[in-house]
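Colleague: Predicted model follows, preceded by the sequence.
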Amino acid sequence: MSTNNKASIALAGSLCLGLAAAQASAELQWNGFITAGGGMASEDGLFGYEEDLTFNNESILGLQLTGDISDKLSATGQIVARGDEDMEVDVSWAYLSYKATDKTTLRLGRFRTPFYLYSDFLEVGYAYHWISPPNDVYSLPADSIDGFDVVYNTPLGATDFTAQFYGGSVDSEFTVSGEPVETDIRNQAGLALTLNWEWLTLRASHHYAAKVNFVGLEDAPIPVVGSIGALQDGLETLTAVTGDQGYAQAASNLSVEDVEYTFDEIAIKIEWNNILFVAEATELKAESGLTDQQNRNYVSLGYNIGPVLLHVTQSRADDDVAAIADTITVLDPGVWGAELSAQSAGAKLAVNGLAERFAVVDRTTNTLGVRWDFTPGAAFKIEGSDVDYDDGTSGQIYRFVIDAVY
């Protein structure tokens, strides 16, 4: 046996002994959650559902491990497998936590971005009354962040006050015309404030991202337009021919690099006797680029009858179209000729269509649901949703699940 192999075996043995000793001395705690169920829609593609009953959209399995390294330092990891991603395992949490004082905790690593009221347990279906929080509001794809946060918690009179400040970066992905597009978010920071008093919870948060880059989006194939890059080239050609800087401004507004975003959220939750009331509103705003402002909100009311909760929810998406095309002038055919006039008119139409395709959702979703806690640690849920778009189209979704924690 070579010296290197002997050294490797010795090192491996030392590591095993060290890990065994650490496991013996550290307090390890496992927790898990699971969601299993199915759903169908009145038409294919509505919120990712099919006309036939399928079970992959609702399937989630999660495991969380927390270990105390010392009386102040601990480590937490969480892995999640989702049915709509072919049960591929994703590390959604992986952070070190340091309790600096009785009121202040510092974390470093990957954790849930505190965008929403239910962000901390977004995939733990047992923790809320719906099958999943309203999709119209809970729509941001980048729900975890790699970075740091500072959590301050203190009694404030008769209330409990929590402030969370965080910063970091995100590498995420979304789909355009069936193709995955990488999203790199840099210099993101935010502050979330929560006030709890007996049956009342109030929350507000503000988030800012200085640089959001949609990697490869300008070359992604888009029906009719071709691609964002091709449209930018056409606008720059019109600028060169006419000297009109409005076309150049529109081309710049189509940029998918270094876009600034802000996100604001407010929420209220009331759990009084048998009554549950939850409302949340959000606003996502881009300083430039394909999106302008997304306005989302929901109101949910529930009533407990023993182990059964009956609830109704209305959510609303009311988004604004980015005014990218406002700087584009349709050329006078008598001055510039029919060909250039048609090109400018086509460019204006294409830019408007692109802005609407990427940014605008105008719909109202009404949901009726029942939650039945049929045994400790598990609940059966069933929901029906009616989705009405402002253009007059509509559809229905029917879902059922069992949520459990262990």
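Modeller: Great, that's in hand.

Colleague: Enumerate every residue touching the residue most central in space within the chain.
Modeller: Nearest to the geometric centre of the chain sits Leu140, at 2.8 Å (Cα atoms, centre = their mean). Shown in contact with Leu140 (Cβ atoms under 8 Å, 6 or more residues apart in numbering): 113, 115, 263, 284. Any C-beta I mention is one placed from the backbone N, CA and C, and that applies to glycine too.

Colleague: quick one: least confident helix or strand in the protein?
Modeller: helix 3-25 (a mean of 37; mean pLDDT, DSSP states H and E).

Colleague: Following the chain onward from that helix, which element is next?
Modeller: Next helix or strand after helix 3-25 toward the C-terminus (DSSP states H and E): strand 28-41.

Colleague: Any buried residues in that following strand, and which?
Modeller: Under the neighbour-count criterion of 16 or more other Cβ atoms under 10 Å, strand 28-41 has 33-41 buried.

Colleague: One more: stretch 199-212?
Modeller: Applying 16+ other Cβ under 10 Å to stretch 199-212 flags 201-203, 205, 207, 209, 212 as buried.

Colleague: Wasn't Gly229 part of a helix?
Modeller: Yes. Gly229: assigned to a helix according to DSSP: H, G, I helix; E, B strand; the rest coil.

Colleague: and it, how far is that from Ala220?
Modeller: For Gly229, the distance to Ala220 equals 9 Å [Cβ to Cβ, to the nearest Å].

Colleague: Repeat that for Tyr247.
Modeller: As for Tyr247, its distance to Ala220 is 22 Å (criterion: Cβ to Cβ).

Colleague: swap in Thr365?
Modeller: 28 Å.

Colleague: what's the first-to-last distance across stretch 328-346?
Modeller: End-to-end distance for stretch 328-346: 10 Å, by Cα to Cα, to the nearest Å.

Colleague: what's the answer for stretch 67-87, then?
Modeller: 26 Å.

Colleague: how far is it from where the chain is centred?
Modeller: 19 Å (Cα atoms, centre = their mean, to the nearest Å).

Colleague: show me where the stretch 151-300 of the chain has strands.
Modeller: Ranges of strands within the stretch 151-300 of the chain are 159-176, 179-197, 200-215, 259-272, 275-286, 291-305, based on DSSP state E, counting those that start in this stretch.

Colleague: Give the residue spans of the protein that score low on pLDDT.
Modeller: Within the chain, the segments meeting pLDDT under 70 span 1-26, 175-179, 222-225, 289, 357-360.

Colleague: Closest one of the buried residues of strand 28-41 to Ala240?
Modeller: Taking Cβ to Cβ as the measure, Ala41 is the one of the buried residues of strand 28-41 closest to Ala240, at 47.9 Å.
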